[in-house]
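Novice: What would the 3D arrangement of this be:
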Amino acid sequence: MRVIVGRVKGINIITPDPKIPNFYMFKNHFNKNSTIVDVGCGFDADFSIYMIGKHGVKAIGIDPTLKHQESLHRLSQKTDGKFSHKLWAISAKDGKITFNESEKNVSGSILKEHKNVKEGDVKSYEVESVSLSTLPERLGLTKIEYLKLDIEGAEYDLIEQFKKEDLAKYDQIFVEFHHHAIPQYFKKDTCQRAARMESFGFKSFTIDNHNYLFYK
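Specialist: From the prediction side, this is the model:
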């Protein structure tokens, strides 16, 4: 169960367990009419479930991993549809893309260089890819109040390809960067992408130079 472990500058920091180093951040402007988009939600969509329970939002999970599909379908039923799932990947381009599912790790990646993919025991298959410029329309939303991006290294190319107008319909974007998992990326690449997001008019907040909240 996620708990709030801190608030800094009006930003909530939540974690599944104080003993686990991963966490998410958000500014609390949500109500029962809000919709959040949880990209890379995993098999348990724990962030979505927390936000549904705490703030009454609707949550759309986006994750192309076939082995998570049944579990996410059960979550949709359990929440009476407050949580829904799209079997998509998010990348810089719309169309089809190859996803590499790790059979022994929760997370796979569209990048063959990802450490989970390089370990082997991988099943690769074609999935639908959606860019952030077309995502709101694909979801039938006029804007996206909060977007969580955990896309296992694809965030670097995604942000590099952004144009300012692509992000006009987004209020908050949380990004987990993966320089720890992709050998061609380093902390300097993460800092460069964060600066690029700031150039589009977003403020940024991080406590570890690894997880960033971008907000207007």
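Novice: mind checking the longest helix of the protein?
Specialist: The single longest helix within the chain, with elements called by DSSP state H, is helix 187-199.
Novice: Kindly export it (C-alpha atoms) in CSV.
Specialist: Provided in CSV are the C-alpha atoms of helix 187-199 (Å, rounded to 0.1, in the frame of the first residue of the first chain):
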residue,chain,number,x,y,z
LYS,A,187,23.0,11.1,-15.7
LYS,A,188,24.1,13.9,-18.0
ASP,A,189,21.5,12.7,-20.6
THR,A,190,18.9,12.7,-17.9
CYS,A,191,19.8,16.3,-16.9
GLN,A,192,19.7,17.4,-20.6
ARG,A,193,16.3,15.9,-21.1
ALA,A,194,15.1,17.6,-17.9
ALA,A,195,16.4,20.9,-19.2
ARG,A,196,14.6,20.4,-22.5
MET,A,197,11.3,19.9,-20.6
GLU,A,198,11.9,23.1,-18.7
SER,A,199,12.4,24.9,-22.0
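Novice: List the strands paired with the following helix or strand past it, with their directions.
Specialist: Downstream of helix 187-199, the first helix or strand assigned by DSSP states H and E is strand 203-206. When pairing is defined by DSSP bridges, strand 203-206 lines up against strand 211-215 (antiparallel).
Novice: List the neighbours of the strand it pairs with that are in contact with it.
Specialist: By C-beta atoms under 8 Å, 6 or more residues apart in numbering, the residues outside strand 211-215 that reach it are 11, 22-27, 171-177, 190, 194, 197-198, 202-206. C-betas here are computed from N, CA, C, even on glycine.
Novice: can you check stretch 193-205 too?
Specialist: Under C-beta under 8 Å, 6+ apart, the answer for stretch 193-205 is 8-9, 11, 25, 155-156, 159-160, 162, 164, 167, 173, 175, 177, 206, 212-216.
Novice: Now the longest helix of the chain: buried residues?
Specialist: D189, T190, R193, A194, M197 (16 or more other C-beta atoms under 10 Å).
Novice: One more: stretch 130-149?
Specialist: For stretch 130-149, by 16+ other C-beta under 10 Å, it's 130-133, 135-136, 139, 144-149.
Novice: cool, stretch 34-45 as well?
Specialist: S34, T35, I36, V37, D38, V39, G40, C41, G42, F43, A45.
Novice: swap in stretch 7-16?
Specialist: I11, N12, I13, I14, T15, P16.
Novice: Please report how far F186 lies from I62.
Specialist: To I62, F186 is 27 Å away according to C-beta to C-beta, to the nearest Å.
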